[in-house]
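S.K.: my questions concern the predicted model and sequence given below.
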Amino acid sequence: MNENAVKQETRETTASRSSSLKFGKSIRQKFARVRWILLSAAALCIAAVATYDIPAWVGVAGFCVVLLATGLSGRRNLSLARSAARVAGAPSHWPDTGMKMVVDALPDPCFLVDRRGITRYANPAARDRFGKVRPGDPLSFKLRPPALLEALDRVSSGGGSERIEWSEKVPTELWMEAHIAPVQAFAPDKPRNGSGFIIVTVRDLTEQRRLERMRADFVANASHELRTPLASLTGFIETLLGPAREDPQARERFLSIMLEQAGRMKRLIDDLLSLSRIELKAHVQPDTLVDLRDVIEHNAESLKPLADELGVELALDLPPGEILVRGDKDELTEVFENLTENALKYGASGKRLDIAARADAEMRGTEWWAISIRDYGPGIEAEHLPRLTERFYRVDVATSREMKGTGLGLAIVKHILTRHRARLEIESTGGQGACFTVKISKADRYKADAETEKPHQINS
């Protein structure tokens, strides 16, 4: 018999003796507490025998029943005490304070689960990222990727640490990574019996992957778009240094074209930078209250000179009161500025542009604001509609470049609306104009004020 086994047997014997002594003491204390009940029961039995001519043995039997019930209650306490002694020193199903403090110190979301996959603790980062976590619920209530659950099963069955990655497409594109590792209970004198916890740490890789993809997109697309103006600049500079060195008219004309091409490259770089900033924040939904009435009216006023220049009548049809949503005001301004400017440039032949807002309700009681921008120009053929929000996609490349477009405007609109959990609907028929509709969830100012005041009420 090894030393550990001797120590274990000694602990169990000591615990059993201690529980027996405690049981004897508890019996005495129990009889002291119920002595008046026993005396009352004895008095009732004697009175019943004397008054109703009940046989004496019946009264004695009734008193014995009461006494036996009291004794069985004490015996049950002894059984529980012995059971506690048998499992004394065994790892608990719940983590201790030290383990919780270590998990709370981790910056990433972290879950402590048992070998059955039941959540026993979650640190503040996990509660902030995945919402309320109830200890006792399966981990699959919060983390559902099959690859993660399969890895958790392997670790629970005695496997080593694992690292897995997965992606999600809804509501936005996310990349996540999880580290799953067994953690033994804090009992160094016990053998490794697989009764400890499993720690699951989750890390968000979204920004890292988006940066990688943006770099790839920039090399593939931006280099292509920049090649044409750079080639033009190079050719004109060589001409000015050579045959047109002494030609003032050619020099003035070439410098004008060079300035235009440089402006095109600047617009392209500005749009790429704007798109990259939006993508970095795509999974963080803004929560600031914004009145779209101010945004729409400001855009209409700033673009009125362009509308007058193109001979387009700009009409607004907005409901009374505020048009409240939760969002980033600068980004929403960019959305409606892009859509309105596109409608003015490409639908100018219709000589009219309507901007309207209305309340809209859909299934499950969701309330939306639907803001539509409709032109009466040549419209867009049906085969182009699914690809309009792709980067650098143009229905007519020559017209787009003539209008100083970069092919990124609608891609920027799509990414901003995705961040706001909103959507863009496009309706168009060739020759009948186009209608771009932004649908975004309503916000309630009174509800937002109540949520803002609630923490102060709690603190007070």
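M.R.: Yep, it's here. The structure displayed is predicted, hence computed values, not measured ones.
S.K.: residue boundaries of the strands in the protein?
M.R.: Under the criterion DSSP state E, the chain carries strands at the ranges 110-113, 119-122, 162-168, 174-183, 197-204, 289-291, 313-317, 324-326, 352-361, 367-375, 423-428, 434-441.
S.K.: deepest of those, which one?
M.R.: strand 110-113 (a mean of 24; mean count of other CB atoms under 10 Å). For every residue, glycine as well, the C-beta is placed using N, CA and C.
S.K.: how far is it from where the chain is centred?
M.R.: The chain centroid and the centroid of strand 110-113 are separated by 18 Å, computed with CA atoms, centre = their mean, to the nearest Å.
S.K.: so how far is residue 95 from the closest residue to residue 104 other than its chain neighbours?
M.R.: For residue 104, ignoring the flanking residues on the chain, the nearest one in space by CB to CB, 6 or more residues apart in numbering is residue 123 at 4.9 Å. Here the criterion is CB to CB, to the nearest Å. By it, residue 123 lies 11 Å from residue 95.
S.K.: quick check: neighbours shared by these two?
M.R.: When contacts are counted by CB atoms under 8 Å, 6 or more residues apart in numbering, the set common to residue 123 and residue 95 consists of residue 103.
S.K.: need the pLDDT of the residue nearest to residue 104.
M.R.: Among the per-residue scores, residue 123 holds a pLDDT of 92.
S.K.: that one - how many residues pack around it?
M.R.: Around residue 123 sit 23 other residues, with neighbours defined as other CB atoms under 10 Å.
S.K.: measure it to residue 135 for me?
M.R.: Distance from residue 123 to residue 135, counting by CB to CB: 12 Å.
S.K.: what residues are up against the residue nearest to residue 374 when sequence neighbours are not counted?
M.R.: Among residues not flanking residue 374 along the chain, residue 435 sits closest, at 4.3 Å (CB to CB, 6+ apart). The contact partners of residue 435, by CB under 8 Å, 6+ apart, come to 372, 373, 374, 375, 426, 427, 428.
S.K.: ok, what's across the strand from residue 435?
M.R.: For residue 435, the beta-bridge assignment (DSSP bridges) gives partners residue 374, residue 427.
S.K.: against residue 41, how distant is the residue of the chain most remote from its centre?
M.R.: Checked against the mean C-alpha position of the chain, the extreme residue using CA atoms, centre = their mean is residue 53, at a distance of 78.8 Å. Residue 53 sits 20 Å away from residue 41 when distances are taken as CB to CB.
S.K.: would you map the helices across the chain?
M.R.: Secondary structure of the chain, counting by DSSP state H: helices at 3-33, 35-52, 56-86, 97-104, 124-130, 146-156, 206-217, 223-241, 248-280, 292-310, 329-346, 397-402, 409-419, 445-459.
S.K.: for stretch 275-288, list every residue counted as buried.
M.R.: Of the residues in stretch 275-288, those scored as buried under the neighbour-count criterion (16 or more other CB atoms under 10 Å) are 275, 276, 278, 279, 282, 283, 286.
S.K.: pLDDT of that stretch, averaged?
M.R.: Taken as a whole, stretch 275-288 has a mean pLDDT of 78.
S.K.: what's that stretch in contact with?
M.R.: Stretch 275-288 has contacts (CB under 8 Å, 6+ apart) with 172-174, 204, 206-207, 210-211, 214, 326-329, 331, 391, 408, 411-412, 415-416, 418-421.
S.K.: now stretch 104-123
M.R.: 93-95, 99-100, 103, 124-126, 128-130, 133-143, 149, 152-153, 156, 183, 194-195, 197-203.
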